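K.L.:
okay, here's the prediction I keep looking at, along with the sequence it came from:
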Amino acid sequence: GAQRHAGDAQRTTVVTLSGGYHGDTVGAMSMGFIRAMHRPFEPLTFRCARTQAPDPRRVQGLGEPGLWPSWDEQRMRAARDRALDALAQLLEERAGRVAAFVVEPVVQGAAGMLVQPQGYLHEAAAMVREAGGLVVADEVATGFARTGALFACQLEEVRPDILCLAKGLSGGYLPIAATLATEAIAGAFEGEPHEGRTLYHGHTYTGNALACAASLASLELLERRRLVERGARHSERIRAALFEALAEHPHIGDVRNRGVMTGIELVASRDPWTPFAPAVAAAPRVCDEARRRGLFVRPIGDVVVFNPAPAMDEATLERCLGILIDAICAVDFTRPATDALAATPAGAAD
C-alpha cells in the first residue's frame, strides 16, 4: 500500500527467505510457506520471491573438521556470501518490482533456530533499499531480549521500515501485537477522505486496555530487571554447557544459539552429514525424555528447540540445561522409535 501511494504501483513482489515463518493467515502463509504446516492451504496463497537463507550446513569442503557448522566462522562467512549473491541476483531479475523484503532477523525460528551469519542482515537490508524495496522485520519471536538485544535488528544495526512485534510485548500473559512503521510509511496513508489513502486494517480487539496494561507492566519489568543483559549472559552459559557436554556426541550435528534462542540438531552422522530417517523420530524422543524428567521442550523436525525465558534465574537455567543434556544422552538413536517406545518401562511417561 505504501509503495502504491508513493507512485510505485508496479512494486508488488515480496521477497522472503527460504524456511521463513510469519504466521498462519493467508498472507502470512504466503510469505512463510512451510509445506509440512501449510500444504492444505497452498491454493489460497499468493506467490512470493524466495531467496536462499544463509545456511552453513550447505557449505561443504570448508572449515574445521568436526566443528559444528554454525560455530565455524569460515563456513558461516561462505554461507553469508552465497546468500547475498543469491539475493543480489533476485533483485536484479525483479528490478523495479520489489515491494519489500520480509525477514526474521538474526534467527529463523521455525527453520530450526537457524542463526544468520554476522553481517548478513545488514548487507541484505542495504541491498533491498538500494533496489527500492522496504525492509520488514518480523520480530514476533526474536523481540524483547530473546537474542541478547532488545530487538534482533539492533545486533546488525538495521532500522527496519516496518517492525512486527507480539509475544514478548506482554511477556506472554495476554495476546497483543503491534506494527511499527516509519513516519514516511505512516504518512503515505494520510490524506483527505476522497483521496482513498486510509489504511482500513483495523481489528476487533485493537487497543485492548487490559492487554496494553499488561504490556506496559512487562516492559517496565524488562527494563528494571535488565533482562537484555541477563539474556546475553544466559547465551554464554547455554553455549558453554552444550559445548562441554555435546561437542563429541556423534549425533549432534549442530548447536545454534543467539541469546536464549537455541536449536540442537540431531543427525544420523556428522561426517558425512546424514539426517535421520523419519522413523527414528529423534527430536520427539528427546523431547519425550526431557518431559519425563520435568522439562518441556519442543521438536521442529530433527531439531530440539530450547528457548528459556530471559527472566529465568541462573539456578533454574542450570537445572533446565542439566535435564536437556541428560535427555539427549539417554536416547538410543540406533533404535527405531517404535522399538524404543516398546522398551519403555510401564508408567515411565506418567
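P.N.:
Sure thing, it's come through. Numbering: from 1, shown residues only.

K.L.:
isn't Arg293 up against Asp326?
P.N.:
Yes: contact status for Arg293 versus Asp326: in contact at 6.5 Å, counting by Cβ atoms under 8 Å. The way it works is simple: take the backbone N, C-alpha and C, and place the C-beta from them, glycine included.

K.L.:
can you give me the helices for this protein?
P.N.:
Assigned by DSSP state H, the chain shows helices spanning 2-5, 26-31, 35-38, 73-93, 120-130, 152-155, 183-187, 209-224, 227-246, 282-292, 314-330, 337-342.

K.L.:
distance to Leu44, mean pLDDT and mean neighbour count added to those, as TSV?
P.N.:
Below are the helices of the chain laid out as TSV (distance: least, Cβ to Cβ, whole Å; pLDDT from 0 to 100; neighbours: other Cβ atoms under 10 Å):
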stretch	distance to Leu44	mean pLDDT	mean neighbour count
helix 2-5	23	87	18
helix 26-31	5	96	18
helix 35-38	9	92	12
helix 73-93	24	98	18
helix 120-130	27	98	19
helix 152-155	30	98	22
helix 183-187	27	94	13
helix 209-224	29	97	14
helix 227-246	37	98	18
helix 282-292	29	98	21
helix 314-330	38	98	16
helix 337-342	33	58	14
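
K.L.:
for those helices, which one sits closest to Leu165?
P.N.:
Leu165 sits nearest to helix 209-224 of all those, at 9.7 Å, using Cβ to Cβ.

K.L.:
which other residues reach stretch 118-128?
P.N.:
15, 54, 76, 80, 83-84, 87-88, 91, 98, 100-101, 103, 105-106, 134-135, 153, 156-158, 160 (Cβ atoms under 8 Å, 6 or more residues apart in numbering).

K.L.:
is Phe306 in a bridge, and if so with what?
P.N.:
Here Phe306 sits in beta bridges with Thr262, as judged by DSSP bridges.

K.L.:
residues in contact with it?
P.N.:
Counting by Cβ under 8 Å, 6+ apart, Phe306 has contacts 238, 262-264, 297, 320, 324.

K.L.:
that older thread, in JSON lines: the helices of the chain, plus distance to Ser170.
P.N.:
Formatted as JSON lines, the helices of the chain follow (distance: least, Cβ to Cβ, whole Å):
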{"stretch": "helix 2-5", "distance to Ser170": "27"}
{"stretch": "helix 26-31", "distance to Ser170": "20"}
{"stretch": "helix 35-38", "distance to Ser170": "25"}
{"stretch": "helix 73-93", "distance to Ser170": "34"}
{"stretch": "helix 120-130", "distance to Ser170": "26"}
{"stretch": "helix 152-155", "distance to Ser170": "19"}
{"stretch": "helix 183-187", "distance to Ser170": "23"}
{"stretch": "helix 209-224", "distance to Ser170": "4"}
{"stretch": "helix 227-246", "distance to Ser170": "14"}
{"stretch": "helix 282-292", "distance to Ser170": "26"}
{"stretch": "helix 314-330", "distance to Ser170": "21"}
{"stretch": "helix 337-342", "distance to Ser170": "37"}
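
K.L.:
between those helices, which gets nearest to Arg197?
P.N.:
Closest to Arg197 of the helices of the chain is helix 2-5 (Cβ to Cβ; 5.7 Å).

K.L.:
the closest one - contacts with which helices or strands?
P.N.:
On a contact count with 3 or more Cβ pairs under 8 Å, 6 or more residues apart in numbering; DSSP states H and E, helix 2-5 meets no helix or strand.

K.L.:
how far does it sit from the chain's center?
P.N.:
Helix 2-5 sits 28 Å away from the centroid of its parent chain (Cα atoms, centre = their mean, to the nearest Å).

K.L.:
distance check, Val303 against Val255.
P.N.:
10 Å (Cβ to Cβ, to the nearest Å).

K.L.:
could you find the closest non-adjacent residue to Ser68?
P.N.:
Rather than Ser, residue 68 is Trp. Distances taken as Cβ to Cβ, 6 or more residues apart in numbering place Asp254 nearest to Trp68, at 4.8 Å, with adjacent residues excluded.

K.L.:
pretty sure that neighbour contacts Asp72?
P.N.:
No: applying Cβ under 8 Å as the test, Asp254 and Asp72 come out as separate, 9.7 Å apart.

K.L.:
more crowded one of those two?
P.N.:
Asp254 (24 against 20; other Cβ atoms under 10 Å).

K.L.:
show me what contacts Arg58?
P.N.:
Taking Cβ under 8 Å, 6+ apart as the contact definition, Arg58 lies against 79, 82.

K.L.:
confidence score at it?
P.N.:
Listed pLDDT for Arg58 reads 93.

K.L.:
the one 10 residues further on too?
P.N.:
Looking at Trp68, its pLDDT stands at 97.

K.L.:
and it, how close does it get to Pro308?
P.N.:
According to Cβ to Cβ, Trp68 stands 20 Å off from Pro308.

K.L.:
one more: Met261?
P.N.:
Separation of Met261 from Pro308 (Cβ to Cβ): 9 Å.

K.L.:
and the two? which has more neighbours close in?
P.N.:
Met261 (26 against 21).

K.L.:
quick check: closest non-adjacent residue to Ala111.
P.N.:
The shortest distance from Ala111 to any non-neighbouring residue, by Cβ to Cβ, 6+ apart, is to Gly19 (3.4 Å).
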